[in-house]
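[1] Dropping a prediction and its sequence here:
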Amino acid sequence: MTELKFCPVCAASLILRADQHEAGKQRLACPEGHWTHWDNPLPVLAALVEVEGRILLARNAAWPEKMFALITGFMERGETPEQGVARELKEETNLDAEQISLIGVYEFIRKNEVILAYHVKASGDIRLSEELLEFRLVAPEKLRPWRAGTGYAMADWMRAQGLEPEFMEWPT
């Protein structure tokens, strides 16, 4: 991410300033008080997608060969999380969401994100967007979650299905 340097209102160089209302937390701000960069976490939507009883995992074009994960994307202005997860699913896989239910909310501090994870029963013909290179359909009992954001969502979903998750190491 590009480091912010100038106030978007007056173009003054931003400074680090202690926030008076939050015990002195340092924030980038306009020295004239026009603007503050709050740097709040972004909401990210994640879909654990079930197609005909199996779970869809996909590999992002930027990832190593054996790395597969849930379908994810950013929420957009004017949509509910459920609308957003259905939109992302359609954009990235061409699948239609039939049932959407919340699994949980997960922190992903490393990327300054909050993940809203959903179980999505879907149908249709899978056609991947250019963001994704390949997919796998995996039996729920064969899933191996990872110890980070969406992996914890997968583990929670598995437990709700009566399956005990066996965690794997995330490929590097």
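    Nice, thanks for sending it over.

[2] residue ranges with poor pLDDT in the protein?
    1-2, 170-172 (pLDDT under 70).

[3] mind checking the longest strand of it?
    In the chain, ranked by residue count with DSSP state E as the criterion, the top strand is strand 96-108.

[4] can you pull the contacts of residue 125?
    Contacts for residue 125 were tallied using C-beta atoms under 8 Å, 6 or more residues apart in numbering; they are residue 94. To be clear about C-beta, it is placed using only N, CA and C from the backbone, and glycine gets the same treatment.

[5] Assign a three-state SS to it, would you?
    Following DSSP: H, G, I helix; E, B strand; the rest coil, we place residue 125 in the coil state.

[6] Looking at strand pairing, list the partners for residue 46.
    Residue 46 has these beta-bridge partners by DSSP bridges: residue 72, residue 117.

[7] ok, now how distant is it from residue 89?
    Distance, residue 46 to residue 89, using C-beta to C-beta, to the nearest Å: 11 Å.

[8] So what pairs up with residue 58 in the strands?
    In this entry, residue 58 is beta-bridged to residue 69, residue 135, by DSSP bridges.

[9] ok, back up a step: so what sits against both of residue 46 and residue 89?
    Listed as contacting both residue 46 and residue 89 by C-beta under 8 Å, 6+ apart are residue 71.

[10] can you pull out the strands in this structure?
    Remark: strands assigned in the chain by DSSP E are 15-18, 26-29, 36-37, 42-51, 54-60, 71-74, 96-108, 113-123, 132-138.

[11] Point out the other helices and strands that the shortest one packs with.
    If contacts are counted by 3 or more C-beta pairs under 8 Å, 6 or more residues apart in numbering; DSSP states H and E, strand 36-37 sits against strand 26-29.

[12] other SSEs contacting the strand it packs on?
    Strand 26-29 packs on strand 15-18, strand 36-37, going by 3+ C-beta pairs under 8 Å, 6+ apart.

[13] Pick the most buried one from those strands.
    strand 36-37 (a mean of 14; mean count of other C-beta atoms under 10 Å).
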